[in-house]
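# Sequence below, structure please.
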Amino acid sequence: MEAVIAIVKNLLKNSRVTLILGVALGLAMGLIVAWGIWPVQWTDGTPEVLRADLQEDYLRMAAETYARTNNPDEALRRWDDLGSAAGDAYIRLQANPGSMDPAVLQHYGGLIQSVRGPIVPSSQPAGGSSLTNIVLYASIAVVVILLGAGGMYLYRLLRKGPRTTTAVMQAAQASRDAERTNFEEMGLAPPITQTMTTYVLGDDLYDESFSIDTPGGEFLGEYGVGVSETIGVGEPKKVAALEVWLFDKNDIKTATKVLMSEHAYNDPNIRARLEPKGDLHVVKPGEQVLLETETLQLLATVVDLEYGVGALPPNSYFERITLELAIWPRSGNNQS
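A predicted model of the protein is given here:
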């Protein structure tokens, strides 16, 4: 699941992917709303919006009704209801009256011409509503093609995976690969909690925190590690010291110790800035630091360490550092 989330986050950083997804989702939501939630509803429409064949049926009915009732007002109203499509429908009926008596149609046409003038084809192509349907279907086809293209593009990107592996992803993998200490084999009681955490150059927001709870769910405190000092300028930040801390709900103050690079530890100015934060320790592979509070103790072990190289002094900042943080109840304060 974490891998999928990381892939999606990386994909969303790609402006093309974001644009395609935005267009596809916008079109999809528009279609759902327009056709499903709030579809268009026609009321009080006129025969002018009907298909061409239905317009012919309507005009045939109007002519036959006029032949029976001889009501010119009603006959003219029905002609006007067809709007610009009336002339086209009349000419098509003249060419193909079907079962209709041509004399009835001619009688009706005579009324229209005497009042409305000559019957001529409209400038609009016959079957305007059919053209509207064609435009509608073409629009649907375009939407489907865009959705399909966007889906295929996203699928190909997901198959390829993210183009770059982020610092956070590298750190998570390093923590998973690190071997945990088996304290029971060393004759020690198993810890309440045991965590691997890794900082990798480029994770400028590195700040890990974890809860301490008994097997019964009682909250005992929290612990964690974060960036304490950086050196140099530019991106990414060059971390020269990490701050490990332990909070005990039964203690009024938080225990803190600072793990420093060799260069930072030997720099008096950096030491002076960090001393108020807690005890200072230079980190080395396998180095262990103990933090104690009223009822808890934390053992921090440097599992892996690699310094960065570049223009800065040697051994001045971390390229990667993995810590194992294990928590026990302090002697004489056994937790249930």
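# Tell me where the model's unsure across the stretch 151-300 of the chain.
Counting by pLDDT under 70, the low-confidence segments of the stretch 151-300 of the chain come to 153-164.
# how about a cut-off of 80?
By pLDDT under 80, the low-scoring segments of the stretch 151-300 of the chain are 151-165.
# what sits against Thr230?
Thr230 makes contact with Lys237, Lys238, Val239, Ala240, Tyr317, according to CB atoms under 8 Å, 6 or more residues apart in numbering. (Glycine included, C-beta is placed from N, CA and C.)
# And the first one, how close does it get to Thr230?
By that I understand Lys237. Relative to Thr230, Lys237 is positioned 5 Å away (CB to CB, to the nearest Å).
# Leu147 reaches Leu27, doesn't it?
Yes: with contact defined as CB atoms under 8 Å, Leu147 reaches Leu27; the gap is 6.8 Å.
# May I have the secondary structure class of Ile20?
Using DSSP: H, G, I helix; E, B strand; the rest coil, the structure places Ile20 in helix.
# For it, which non-adjacent residue is spatially closest?
Excluding its sequence neighbours, the residue lying closest to Ile20 (CB to CB, 6 or more residues apart in numbering) is Gly150, at 4.2 Å.
# Lys284 now?
Val302 (6.4 Å).
# Might one say that Glu184 is in contact with Ala326?
No: taking contacts as CB under 8 Å, Glu184 lies outside contact range of Ala326: 11.8 Å.
# of those two, who's got more company?
Ranked by neighbour count (other CB atoms under 10 Å), Glu184 and Ala326 place Ala326 first, with 21 against 10.
# residues touching the more buried one, list them.
Listed by CB under 8 Å, 6+ apart, the contact partners of Ala326 are Thr181, Phe183, Pro191, Thr193, Gln194, Thr195, Leu298, Leu299, Thr301.
# Buried subset of the residues you listed as a PyMOL selection?
Buried subset of the contacts of Ala326, written as a PyMOL selection, criterion 16 or more other CB atoms under 10 Å:
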select buried, resi 181+191+193+195+298+299+301
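# Out of the contacts of Ala326, which comes closest to Leu93?
Among the contacts of Ala326, Thr195 lies closest to Leu93 (CB to CB), at 85.9 Å.
# Gly45 versus the closest one, what's the distance?
70 Å.
# the strands in the stretch 51-200 of the chain, which residues?
For the stretch 51-200 of the chain, the strands defined by DSSP state E, counting those that start in this stretch occupy 193-200.
# Likewise for the stretch 201-336 of the chain?
207-213, 219-231, 238-248, 255-260, 279-282, 288-292, 296-307, 318-329.
# can you list the ones you listed in a markdown table and add distance to Tyr108?
Shown next, in a markdown table, are these (distance: least, CB to CB, whole Å):
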| stretch | distance to Tyr108 |
| --- | --- |
| strand 207-213 | 86 |
| strand 219-231 | 90 |
| strand 238-248 | 92 |
| strand 255-260 | 99 |
| strand 279-282 | 105 |
| strand 288-292 | 102 |
| strand 296-307 | 96 |
| strand 318-329 | 92 |
